[in-house]
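*Asks:* sequence-free structure coming up:
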C-alpha cells in the first residue's frame, strides 16, 4: 500500500497524463505497489473471485438445469477452483454440494458424505450406494 509520500507523485502523474491516457498511467505507476500471484497455492480454500478467470463455457455447461457432469483433468489445472466458484455462487434453481473426496475410504463413504452435504429436504434417508443416492433424489 502506498504511503502518503507515494500518493502525491502518483496523483500528480495521473493528473498530468493526457485525459485519454490517465487510466494507463495510473496502472503503470501503481503496478510497483501491487502484488498478485496467479500461481499461489490456495490449498483447500476457494480461489478469490478476482483471481478466477476463464472457464465461462465450462461453468455454464455445469450449471445447466439438466444432466450430470464429471470434471476431470491433470493436476493443478483448476478443477477444484472451478467447482468451488460454482458452489460459492449457486444458481437459484439448483443444489450444488462441494464434497472433498480426498479422505474417502470407499464408495459408500462418498455417497454418505454427498448425501449429508446436500442435506434434508433434498435427500430422503440414509444413502450408502449409487442406487440409494438415485432413489433418495427421486430419480
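*Replies:* Received the coordinates, thanks. None of these values were measured; they are calculated from a predicted model.
*Asks:* Flag the shaky bits of this structure, pLDDT-wise.
*Replies:* 1-17, 34, 36-44, 120-121, 124-125, 138-139 (pLDDT under 70).
*Asks:* which residue packs closest to the most centrally placed residue in the chain, ignoring adjacent ones?
*Replies:* Here the mean C-alpha position of the chain is nearest to the C-alpha of residue 85 (C-alpha atoms, centre = their mean), at a distance of 2.3 Å. Spatial nearest neighbour of residue 85, chain neighbours left out: residue 52 (5.3 Å); criterion: C-beta to C-beta, 6 or more residues apart in numbering. For the C-beta atoms, the positions are set from N, CA and C on the backbone; glycine is no exception.
*Asks:* Can you report how many residues neighbour the one you found?
*Replies:* 18 (other C-beta atoms under 10 Å).
*Asks:* Please verify my assumption that residue 88 contacts residue 47.
*Replies:* No: with contact defined as C-beta atoms under 8 Å, residue 88 does not reach residue 47; the gap is 9.8 Å.
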